[in-house]
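Visitor: Pasting the sequence and the predicted coordinates here, then a few questions.
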Amino acid sequence: MKKKIILIAAACLVVILVALWHNSYALALLAADVPASAADLVDAGVDENGREFRVTGGVRADGSAVLAYCVRNAAGVWEVAQRSDTRAGEELASVGWLRVVTANRFDVSDGPLTVTEGHIAVAGNSAQKLIELAPADLPDGVTADLRQSGPAFVLHFTGHGGDALSGFSAAALLREDAYIS
């Protein structure tokens, strides 16, 4: 009888651990105060250390913007490595990360070309009008992905090349054309 109780308890423990491991992404966001309603996927991939990452962001029910950079550790459990929100008095929530990408090139050396991409994501809930960014508005080598719903927005800037985003200020860019006050 005692063996059966131990086996049942061990089986329950294994089921609970598997359920926690499987739901570790949602639990990491919850622990970092990033509600599921604000967890819009901005970017995902594998970082230079071979770890899977996800960047999520959006606007909470109270109107504050939040961004989180999450990584999966060696045990396969998700954790929030960076978090930014506007509750702390910041104008925009902002996180940044680098990614090394390799592309084939066709020249005499036939060697791979390694390029560093810089990424900055910003989120806010203070857009005064529809944000429209033309390529001329961005620095050379920078692209932008925009998601906006009313005053709430998430912008993802990608700088192609090592220093494309150096000195770049998303807040200044948005203020320049009166997108935010």
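Guide: Arrived safely. Residues are numbered from 1 along each chain as shown.

Visitor: tell me the phi and psi of the most centrally placed residue in the chain?
Guide: In the chain, the residue lying closest to the centroid (CA atoms, centre = their mean) is Val55, at 1.8 Å. With angles defined as degrees, to the nearest 10, Val55 sits at phi -110, psi 120.

Visitor: which residues in the chain form strands?
Guide: Here the chain has its strands, by DSSP state E, at 40-46, 52-59, 65-72, 78-85, 93-104, 112-124, 142-149, 152-160.

Visitor: just to revisit the earlier point, mind checking how far the residue nearest to the centre of the chain is from Lys4?
Guide: Distance, Val55 to Lys4, using CB to CB, to the nearest Å: 47 Å. Every residue, glycine included, has its C-beta placed from N, CA and C.

Visitor: same question, Asp85
Guide: Distance of Asp85 to Lys4, given as CB to CB: 49 Å.

Visitor: higher neighbour count, those two?
Guide: Each of Asp85 and Lys4 has its neighbours counted (other CB atoms under 10 Å); Asp85 has more, 22 against 8.

Visitor: residue contacts, that one?
Guide: Residues in contact with Asp85 (CB atoms under 8 Å, 6 or more residues apart in numbering) are 33, 60, 64-67, 93.

Visitor: Just the buried ones from those residues?
Guide: Buried members of those, scored by 16 or more other CB atoms under 10 Å, are 60, 64-67, 93.

Visitor: which residues are in contact with the longest helix along the chain?
Guide: Longest helix of the chain, by residue count under DSSP state H: helix 2-22. Helix 2-22 has contacts (CB under 8 Å, 6+ apart) with 27, 76-77.

Visitor: Let's see that with 10 Å instead.
Guide: For helix 2-22, contacts defined as CB atoms under 10 Å, 6 or more residues apart in numbering pick out 27, 75-78.

Visitor: so which of these is the most crowded?
Guide: Trp78 (20 neighbours).

Visitor: Mind pulling the model confidence for that residue?
Guide: Among the per-residue scores, Trp78 shows a pLDDT of 93.

Visitor: give me the beta-bridge partners of it?
Guide: On the basis of DSSP bridges, Trp78 is bridged to Arg72.

Visitor: check contacts around it.
Guide: By CB under 10 Å, 6+ apart, Trp78 lies in contact with 21, 23-29, 52-54, 70-72.

Visitor: Check which residues of stretch 85-103 are buried.
Guide: 85-86, 91-97, 99.

Visitor: pull the CA atoms of stretch 55-75 into CSV?
Guide: Output of stretch 55-75 as CSV, limited to C-alpha atoms (Å, rounded to 0.1, in the frame of the first residue of the first chain):
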residue,chain,number,x,y,z
VAL,A,55,10.2,39.6,-27.8
THR,A,56,6.7,40.5,-26.8
GLY,A,57,5.0,43.8,-26.2
GLY,A,58,1.8,45.7,-26.1
VAL,A,59,-0.4,47.8,-23.8
ARG,A,60,-1.9,46.6,-20.5
ALA,A,61,-5.5,47.2,-19.4
ASP,A,62,-4.4,50.2,-17.3
GLY,A,63,-2.9,51.9,-20.4
SER,A,64,0.8,51.3,-19.6
ALA,A,65,3.0,49.9,-22.4
VAL,A,66,5.2,46.9,-21.8
LEU,A,67,8.0,45.0,-23.6
ALA,A,68,9.7,41.8,-22.6
TYR,A,69,12.8,40.0,-24.1
CYS,A,70,12.4,36.4,-23.1
VAL,A,71,15.0,33.6,-23.5
ARG,A,72,14.8,29.8,-23.1
ASN,A,73,17.5,28.6,-20.8
ALA,A,74,19.5,25.3,-21.1
ALA,A,75,16.8,23.5,-19.2
